[in-house]
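Peer 1: Model the following, please.
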Amino acid sequence: MNIRSLTRGDGVVIGAAVLLLIASFLDIYSFDDAPDSADIPSLWGSGPVVLGVVLAGVIGAALIVVARAMPQPKKVAGLDLGQFGIAFTVFAAWSALGNIFDPAGAFDGEGGVIDEFGAGLGLILALIATLVMAAAAVATPLVPALKGALIPAARPAAPQPYGGQPQGGYGYPGAQQQPYGGQPGQPGQPGQPGQPFGGQPQPGQAQPQPQAPQQAQAQAQPAGDFSPFWFAVPVPRPLFAEDGSPTPIAELAPGTWYLAVEQRGANLVAQTQDGRRGVLQDTSGIQRG
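Peer 2: Numbers count the residues shown, from 1 in each chain. Reported below is the predicted structural model:
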């Protein structure tokens, strides 16, 4: 499980589930002119409220979070866990709304009992929590602001480990110790003091030789302008095999940095942290490191 794949919408669902748990320990009813010493039950004192509101909402939130954090979504009866979670949260909100309108349940109202009954603080908070939970669960796949990563990705220390230009020159370590106009092959004499840039070195024919590795290096570098870079995806994206197979080999999760090693048209060849390589077909909205 990768918690960095959780979105802001998932964070709203988690917060609403916590509020629902807190509300479950508060009063389910309110009575007019009830004394402070009155022992009013909490939401746990009503079986229908516990099953239809509290447990349905908490289970729905758990299914949504687990489905998002798993690398491959699990399916039950053709539906993935996230879809089951959304259904649970909507059902919990519907049940909480019904209990708000009829907190007394099956009382027939004889003797004015119904007139004295009202929804308690716990039931009101439970309705708010389930409505927020259901709204976030439904809107997360649709609203771009809720699709963003819940935990921001930390930028890598070395954005371009491949193809990056080290201080000594790519593939030519030690070049920084050789000043312009100095004589290669004489490590004890890095350059003549006071000699101007491009001045004649002592051996008349030694001037072109230090340029040979640089020319060979320029010829060895690819002709394209692509350089490997780190990137992160805004939402989970499938990574397909390089041979064109339609089955994904991995899923890129938000909040994790991946290395783009090659560009093929509009697609990127990406490398995961465990060394697997594949083709990222949807490159829209990626964040470069």
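
Peer 1: Pull the top strand by length along the chain out as CSV, backbone CA atoms only.
Peer 2: Secondary structure of the chain per DSSP state E: the longest strand is strand 258-264. C-alpha atoms of strand 258-264 as CSV (Å, rounded to 0.1, in the frame of the first residue of the first chain):
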residue,chain,number,x,y,z
TYR,A,258,9.7,8.4,-11.3
LEU,A,259,12.5,8.7,-13.8
ALA,A,260,11.7,9.4,-17.5
VAL,A,261,14.5,7.8,-19.5
GLU,A,262,13.2,8.1,-23.0
GLN,A,263,10.6,9.9,-25.1
ARG,A,264,8.6,8.2,-27.8
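
Peer 1: tell me the mean pLDDT over that strand?
Peer 2: Averaging pLDDT along strand 258-264 yields 88.

Peer 1: Direction included, what does that strand pair against?
Peer 2: Partner strands and pairing direction for strand 258-264 (DSSP bridges) are strand 229-232 (antiparallel), strand 267-271 (antiparallel).

Peer 1: Using TSV, lay out those strands together with mean neighbour count.
Peer 2: Where C-beta positions appear, they are placed from N, C-alpha and C, glycine not excepted. Below are those laid out as TSV (neighbours: other CB atoms under 10 Å):
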stretch	mean neighbour count
strand 229-232	20
strand 267-271	19
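
Peer 1: Identify whichever of those strands lies nearest to Gly85.
Peer 2: Counting by CB to CB, Gly85 lies closest to strand 229-232 out of those; the figure is 25.1 Å.

Peer 1: I'd like to know which elements the next helix or strand after that closest one is packed against.
Peer 2: Later in the chain than strand 229-232, the nearest helix or strand by DSSP states H and E is strand 237-240. Judged by 3 or more CB pairs under 8 Å, 6 or more residues apart in numbering; DSSP states H and E, strand 237-240 is in contact with strand 248-252, strand 277-280.

Peer 1: For strand 237-240, buried residues please.
Peer 2: 237-240 (16 or more other CB atoms under 10 Å).

Peer 1: Report the mean per-residue pLDDT for that strand.
Peer 2: 89.

Peer 1: circling back to that earlier point, okay, the strands paired with strand 258-264 in CSV with mean pLDDT next?
Peer 2: Formatted as CSV, the entries for those read as follows, by pLDDT from 0 to 100:
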stretch, mean pLDDT
strand 229-232, 88
strand 267-271, 89
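
Peer 1: Need the ones you listed in a markdown table (columns: distance to Gly47).
Peer 2: Listed next are the strands paired with strand 258-264 as a markdown table, based on distance: least, CB to CB, whole Å:
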| stretch | distance to Gly47 |
| --- | --- |
| strand 229-232 | 46 |
| strand 267-271 | 51 |
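
Peer 1: Quick one, grab the pLDDT at the nearest residue to Val233 once chain neighbours are set aside.
Peer 2: Spatial nearest neighbour of Val233, excluding adjacent residues (CB to CB, 6 or more residues apart in numbering): Leu252 at 4.8 Å. At Leu252 the predicted local confidence, pLDDT, stands at 88.

Peer 1: Just give me the neighbour total for Leu79.
Peer 2: 12 (other CB atoms under 10 Å).

Peer 1: beta partners for it?
Peer 2: Beta-bridge partners, per DSSP bridges, of Leu79: Val76.

Peer 1: Tell me the confidence at it?
Peer 2: pLDDT at Leu79 comes out at 77.

Peer 1: Same question for Val132.
Peer 2: pLDDT, Val132: 95.

Peer 1: Buried residues, the strand or helix carrying it. List them.
Peer 2: Element membership of Val132, judged by DSSP H and E, is helix 121-139. Using 16+ other CB under 10 Å as the test for burial, helix 121-139 gives 122-127, 129-137.

Peer 1: next one: stretch 69-87
Peer 2: Result for stretch 69-87 [16+ other CB under 10 Å]: buried residues 70, 81-87.

Peer 1: Can you list the low-confidence ranges for this structure?
Peer 2: Where the chain drops to pLDDT under 70, the residues are 1-3, 33-38, 73, 104-116, 152-224.

Peer 1: The same query, at a cut-off of 90, please.
Peer 2: Low-confidence segments of the chain (pLDDT under 90): 1-10, 26-43, 45-48, 65-84, 98-122, 140-267, 271-278, 281-289.
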